[in-house]
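> Take a look and give me a structure for this.
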Amino acid sequence: DARMSDATTDDTDGGFPPGVTLTQTHGGLQVLHIDDLEPKPRCEKVLIHPASGAECRIIGSAHVSSASADEVRAVILREKPDVVLLELDAERLTGLLKSASSARPALKAAKRVATTSDAVKVLFNGNLPIVVGSLGYATVGALLDSRPGSEFIAAVEAGQKVGATIVLGDRDQRATLGRLFARVQRGSQLFDAFVAGKEVIADDEGVGSEEDAESISAAVDDVHGAKGTAKMKKILEKAGCESSEEVIKSSMEILRSALRSEPIRVDDLLKVRSCAQRVVEFVRVESFNGNPMFSPGSQSKSEKPNLMDWATAQTVIAERDLILATALQRDATAQKIIGVVGAGHISGITQAWNDVESSESRAKFNEYLENWPADAKPPDYTGKVITGLLGAAAITTILRRGSAGVVKFSGVLFGSMLTFGAVGVYFGANTLVTLGKVAVAIEDASIRAAELGQSKDQALPKSTFHNMIVRDATVPFKN
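As a prediction, this is how the structure comes out:
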């Protein structure tokens, strides 16, 4: 309409919501104008590839957030990138895609620890972290009405539609677990340097205001030190949850019913789900903004350095920040790149971005892909050898010269030690079985909620991800 080219906009909002304005042509015709704008992703960082100048758009996600999945899907379909990089390795991607077509992901995970015997096998075959992680994600996914890793599934699905190459950007999860275990068990030369003040590991830049950080920190500290449920209310209220006391009460009812093998009430599930979704988004945004309180292993400056916390922060976060930043830059021919990573990695990726091509950064990248960290202290067998010799000498002396009573007491002591060990294994196995039962009970309640029209999560057809071509960007640089 020619008249619209000369239209003017009323300076006042006229009581209309954002995005809606009333315009008027010179002819006096009033026109209601509605902005056709997609909502901007809440956790998005745009960086420029240093070598190619290509745009790299990184979306910070929460791994059990349907909102993250929606953002990822919308951005990929809109931007149509050449490359979609995921914070996954091959094993995790395969597991997620299988889970995507499963109607009962929690039940499937729980079958691995269906009996005490099954759980004992998990404890001894080295798969405990993987099984616990699968159960945990499946449980939280059922609670939140979101499939575990739903943002990665959405990224693969959308990437296929726009013809993007799917790229794996994370190292093998066994390398992460191995490096963490080595540092905690053996100690680390880097940690010793950190304690001595010779090396700065953390950088507080990018965090929100000091008042906000202190406020949230106080709330988290309150939760950790709470003996009752009242302290939890602060976190729920900061996340925007209403009736926090009722939410906490419903959470306890869900756990109580699951442990008693009783059906979980759908209204309890929905009440907790609504609040939990807000909490996940709250934590996602805080992590994206660099709040260290929501980063694994983070410590305040006033706290005494702790090896476990330091090893977690270094292995799980800092090293993988560099790995992800490097993986995002591996393809210098791509014109547009989209990365889907945990929101807590955005700050570290940004800090490492401009140094990825340096020889020092490449050397670190190569070392970080190893199963054993170079900074782990070498094994010291001196103490074990001495202890073993003393123990052997003591046993020999008791058997040769000890009285019948002493020999009997030693046998009872040794038998008690074995018994305590067996009891510990049995307790751990039973805990896994119980966790599996809780996961299935929550999933059952989620299915009943879906039957009442209170669920969005659906399994995808098994043929959705057939004939996929995936590249791995976590390949060491050649000298």
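> helix, strand or coil for residue 76?
Secondary structure state of residue 76, per DSSP: H, G, I helix; E, B strand; the rest coil, is helix.
> Report the contact partners of it.
Applying CB atoms under 8 Å, 6 or more residues apart in numbering to residue 76 gives the contacts 84, 154-155, 158-159, 162, 164, 338. C-beta coordinates here come from the backbone N, C-alpha and C atoms, glycine included.
> Check which helices and strands the helix or strand where residue 253 lies sits against.
When elements are defined using DSSP states H and E, residue 253 is found to belong to helix 244-259. Secondary structure elements in contact with helix 244-259, counted by 3 or more CB pairs under 8 Å, 6 or more residues apart in numbering; DSSP states H and E, are helix 233-238, helix 266-288, helix 404-451.
> Dump those helices to JSON lines, plus mean pLDDT, mean neighbour count and distance to residue 346.
Rendered in JSON lines, the data for the helices and strands packed on helix 244-259 read as follows (pLDDT from 0 to 100; neighbours: other CB atoms under 10 Å; distance: least, CB to CB, whole Å):
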{"stretch": "helix 233-238", "mean pLDDT": "84", "mean neighbour count": "18", "distance to residue 346": "21"}
{"stretch": "helix 266-288", "mean pLDDT": "92", "mean neighbour count": "21", "distance to residue 346": "5"}
{"stretch": "helix 404-451", "mean pLDDT": "76", "mean neighbour count": "15", "distance to residue 346": "30"}
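> As a markdown table, the ones you listed with distance to residue 344 would be great.
Converted to a markdown table, these look like this (distance: least, CB to CB, whole Å):
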| stretch | distance to residue 344 |
| --- | --- |
| helix 233-238 | 17 |
| helix 266-288 | 4 |
| helix 404-451 | 24 |
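> So which of the ones you listed is nearest residue 333?
Counting by CB to CB, residue 333 lies closest to helix 266-288 out of these; the figure is 28.9 Å.
> List the contacts of the most centrally placed residue in the chain.
By CA atoms, centre = their mean, the chain has its centre lying nearest to residue 63, at 5.6 Å. Taking CB under 8 Å, 6+ apart as the contact definition, residue 63 lies against 137, 148-149, 151-152, 342.
> Among those, which ones are in strands?
If you go by DSSP state E, the contacts of residue 63 have residue 342 in strands.
> Buried among the contacts of residue 63? Make that a PyMOL selection.
With 16 or more other CB atoms under 10 Å as the burial test, the buried ones among the contacts of residue 63 are selected in PyMOL as follows:
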select buried, resi 137+148+149+151+152+342
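> Closest one to residue 435 out of the contacts of residue 63, please.
Using CB to CB as the measure, the one of those that approaches residue 435 most closely is residue 137, at 12.1 Å.
> related to what we said a few turns ago, state the distance from the residue nearest to the centre of the chain to residue 95.
Computed as CB to CB, to the nearest Å, the residue 63 to residue 95 distance reads 13 Å.
> So residue 373: helix, strand or coil?
In three-state terms, and counting by three-state DSSP, residue 373 is coil.
> Give me the spatial nearest neighbour of it, chain neighbours excluded.
Leaving aside its chain neighbours, residue 373 sits nearest to residue 179 (4.7 Å; criterion: CB to CB, 6 or more residues apart in numbering).
> host element of that neighbour?
Taking DSSP H and E as the definition, one finds residue 179 inside helix 173-186.
> What lies in contact with that helix?
With CB under 8 Å, 6+ apart, helix 173-186 has contacts from 89, 91-92, 129-130, 191, 307-308, 311-312, 314-316, 319-320, 369-373, 375-379.
> Stretch 442-452 now?
Taking CB under 8 Å, 6+ apart as the criterion, the residues outside stretch 442-452 that touch it are 104-107, 138-139, 142-143, 145, 254, 258, 263-266, 268-270, 455, 457.
> right, and residue 23 touches residue 29 too?
No: with contact taken as CB atoms under 8 Å, residue 23 and residue 29 are classed as non-touching, separated by 9.1 Å.
> Under the pLDDT cut-off, which ranges of the stretch 151-300 of the chain? List them.
In the predicted model, the stretch 151-300 of the chain carries pLDDT under 70 at residues 198-231, 297-300.
> Which ones among the contacts of helix 173-186 map onto helices?
Using DSSP state H, the members of the contacts of helix 173-186 that fall in helices are 91-92, 129-130, 191, 307-308, 311-312, 319-320.
> Report the buried members of those residues.
By the neighbour-count criterion of 16+ other CB under 10 Å, the ones in helices among the contacts of helix 173-186 include these buried positions: 92, 130, 191, 307, 311-312, 319-320.
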